[in-house]
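> below are the sequence and a predicted model; questions follow.
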Amino acid sequence: MSDTVETSGSVLEPTARATTPPIGAQGATTTGSSSPRSTSEDVMPKRVRLVFLRNAKSLVGIAILLFFTLVAIIGPWVAPYSPDDIDPAASMSAPSPTHWLGATQLGQDIFSQLVVGTRGVMVVGFTAGIIATCLAVIIGVSAGYFGGWGDEILSMLSNIFLVIPALPLIIIVTSMMEHPTSWTVILVIALTGWAWGARVLRSQTLSLAHRDFVEAARANGERSWRIIFFEIMPNLTAIIASTFINTVVAAVLSEVMLAFIGVASLSDWNWGTILYWAQSSGAFQQGAWWWFVPAGLCVALLGMSLALVNFGIDEFVNPRLRNTGMNAGRLRKLGIRPRVGFTPVVVTKGRASK
């Protein structure tokens, strides 16, 4: 005798028990329940459409990302000082009402450098992410849909770029240039960062290319470009978004690292440039935490916001995670803590089947 839940004609062993009506996947019913409504009616369709915006991870990630985007746009106009202004009297001064985040060894305002440098980080990260994602979509979807020799050539090209180390290549290219610019970093990151996304998109396109709805579109005489854009691409939205976010994170970290080691142009302010001057001026040894901690926290917060948005996208497109997220409040009231890899199924206590 054990409690069971019948789902779409099959019997599943319960993973959680409670004394309330069940919550779970659409179509799930409780064995022997006298309620005329199914659990699929308990979850309104409107909530499915808004589940991404109702996700706490997504909201926090989007809020932080919008904050940095706003700072990048208005930063040069709201900064209290020019990041290059020198004030010997404020040399290595701690945070104060005059200098909110302290000053450098030359008396430069760190808060102004941080605000102005946000634009460089955001521009490099998002521009490289857009270019790399476009390349990944074009090459990956084309290879998976058309197949043949084109697939072989594009797959070989993807495999070649997969093994090219991006960071050493950027260091070599920028060191050979007399005046490296942000566009140099953007192009190298984009040209070396599309291969992974292209491989994933190719695999998913191969799976979709022979589905019934695609075959029906071909049978109706639809052109290939229309099938790709209106039948296949909508099913790749989550993968494309994840590819873009991962590329942006890699681009931001690469830009900060290159500036920190002094390879990128030091005349363009960004968070990595602040860390470079802090390291070369001995801020770590002097305990001037206000010089390097704020920039490090900004890098961590931006990376965390992108990761949270990525988690939110995953929970939105994954039916198992979406169902758990939509019923998070009810699960907490029942004392149930969902774990990754497990779908909580709640059954009425005392119901049993042989």
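Ah, there it is.
> all contacts plus neighbour counts: C-alpha atoms, from now on.
Noted.
> just give me how far stretch 90-98 sits from the chain centre.
Between the mean C-alpha location of stretch 90-98 and the chain-wide mean there is a distance of 36 Å, by CA atoms, centre = their mean, to the nearest Å.
> which parts of that stretch are buried?
Within stretch 90-98, the residues that count as buried by 16 or more other CA atoms under 10 Å are Ala90, Ser91, Met92, Ser93, Ala94, Pro95.
> now the two most distant members of those.
Across these, no pair lies farther apart than Ser91 and Pro95, at 11.6 Å, counting by CA to CA.
> what sits in contact with each of the two?
Residues touching both Ser91 and Pro95 by CA atoms under 8 Å, 6 or more residues apart in numbering: Ala103.
> neighbours of Pro168, just the number please.
Burial measure for Pro168: 10 neighbouring residues, criterion other CA atoms under 10 Å.
> repeat that for Glu215.
By the criterion of other CA under 10 Å, Glu215 has 15 neighbours.
> how about Thr127, nearest residue that isn't a chain neighbour?
If you skip the residues right next to it in sequence, Thr127 has Ile186 as its closest partner in space, 6.8 Å away by CA to CA, 6 or more residues apart in numbering.
> what is the nearest of the buried residues of stretch 90-98 to Val60?
Minimum separation from Val60 among those (CA to CA) is found for Pro95, which lies at 27.8 Å.
> what residues are up against the closest one?
If you count contacts by CA under 8 Å, 6+ apart, Pro95 has them with Leu101, Gly102, Ala103, Trp290.
> ranking these by neighbours, who comes first?
The member of the contacts of Pro95 surrounded by the most neighbours (other CA under 10 Å) is Ala103, with 29 neighbours in all.
> which residues does the closest residue in space to that residue that isn't next to it in sequence contact?
The spatial neighbour of Ala103 that comes closest, neighbours along the chain excluded (CA to CA, 6+ apart), is Asp109 at 4.7 Å. With contacts taken as CA under 8 Å, 6+ apart, Asp109 has the following neighbours: Tyr81, Ser82, Pro83, Asp85, His99, Leu101, Gly102, Ala103.
> Ala278: which of these is nearest?
Proximity of the contacts of Asp109 to Ala278, judged by CA to CA, is greatest for Ala103, which lies at 10.7 Å.
> residue contacts, that closest one?
In this structure, Ala103 makes contact with Ala90, Ser91, Met92, Ser93, Ala94, Pro95, Asp109, Ile110, Trp291, judged by CA under 8 Å, 6+ apart.
> okay, and for the chain, where does confidence drop off?
When residues are selected by pLDDT under 70, those of the chain lie in 1-54, 318-354.
> would you map out the domains in this structure?
As assigned by automatic domain parsing, the chain contains the domains 5-43+327-348, 52-320.
> related to what we said a few turns ago, for the residue nearest to Ala103, give its distance to Asn270.
When distances are taken as CA to CA, to the nearest Å, Asp109 and Asn270 turn out to be 14 Å apart.
> swap in Trp277?
For Trp277, the distance to Asn270 (CA to CA) stands at 11 Å.
> can you get me a residue count around Trp271?
29.
> what sits against it?
When the contact criterion is CA under 8 Å, 6+ apart, the partners of Trp271 are Leu114, Gly117, Thr118, Val121, Val256, Ala295, Gly296, Cys298, Val299.
> hang on, the earlier thing: please flag which of the contacts of Ala103 sit within strands.
Using DSSP state E, the subset of the contacts of Ala103 located in strands is empty.
> which one of these is nearest Pro234?
Taking CA to CA as the measure, Ile110 is the one of those closest to Pro234, at 44.7 Å.
> pull out the buried residues from stretch 308-319.
Taking 16+ other CA under 10 Å as the neighbour-count basis, stretch 308-319 is seen to contain the buried residues Leu308, Val309, Asn310, Phe311, Gly312, Ile313, Asp314, Glu315, Phe316.
> looking at the domains of the chain, which is buried most?
domain 52-320 (a mean of 19; mean count of other CA atoms under 10 Å).
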